[in-house]
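Q: Fold the following.
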Amino acid sequence: MGSIISNTVYSQTSEISAYAVAGIIFSALGARNCLYINYSLALFGTVLMFIFFDSEEGSELCFTIAKFGVSGSFTAIYLCAIMNVPTVYACSVFGYCNAVARIFTILAVDPTIAELEFPDTIIIGLLLGTIGILVTSKLVTDLPKFE
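A: Coordinates of the predicted model:
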């Protein structure tokens, strides 16, 4: 794939720009559409990574597209949680989500997962992206108003 420096520059450039673009899309189109767009970009980049795995330039571009989609979806999820979770429950919800994220982080460093061969990692990425799109289709954005 390229040098560590070029990969880091590509990764951080796509991540920083994804934050801004996801905020704009979220404001213009709403939470569900923003998540659809970003998860679709992540899936598109992952499929391209599967196709252009042997090409150095192609894999860097595919990685950048996938990273952009994932970073944008994280931004959209954060914004969605702020706008859809009542303030009274915000700390509890963020705490539960943080606990689940830490558990998955612990599982991610499992040596059996880290040492998977090429097609398995792409398949896991495609599976997680598909799950993200399916969960997004069930997203409730119009919450009832309590008085």
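
Q: Name the SS class of the residue lying closest to Ala76 once chain neighbours are set aside, please.
A: If the residues on either side of it in the chain are set aside, Ala76 comes closest to Cys34, at 4.4 Å by Cβ to Cβ, 6 or more residues apart in numbering. For the C-beta atoms, the positions are set from N, CA and C on the backbone; glycine is no exception. Using DSSP: H, G, I helix; E, B strand; the rest coil, the structure places Cys34 in helix.

Q: Cys34: what's it in contact with?
A: 22, 25-26, 72, 76, 79 (Cβ atoms under 8 Å, 6 or more residues apart in numbering).

Q: I'd like those residues laid out as JSON lines, including neighbour count and pLDDT.
A: Shown next, in JSON lines, are those (neighbours: other Cβ atoms under 10 Å; pLDDT from 0 to 100):
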{"residue": "Ala22", "neighbour count": "25", "pLDDT": "93"}
{"residue": "Ile25", "neighbour count": "20", "pLDDT": "94"}
{"residue": "Phe26", "neighbour count": "22", "pLDDT": "92"}
{"residue": "Gly72", "neighbour count": "28", "pLDDT": "92"}
{"residue": "Ala76", "neighbour count": "26", "pLDDT": "89"}
{"residue": "Leu79", "neighbour count": "16", "pLDDT": "87"}
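
Q: Closest to Ile133 out of the residues you listed?
A: Ala76 (12.5 Å; Cβ to Cβ).
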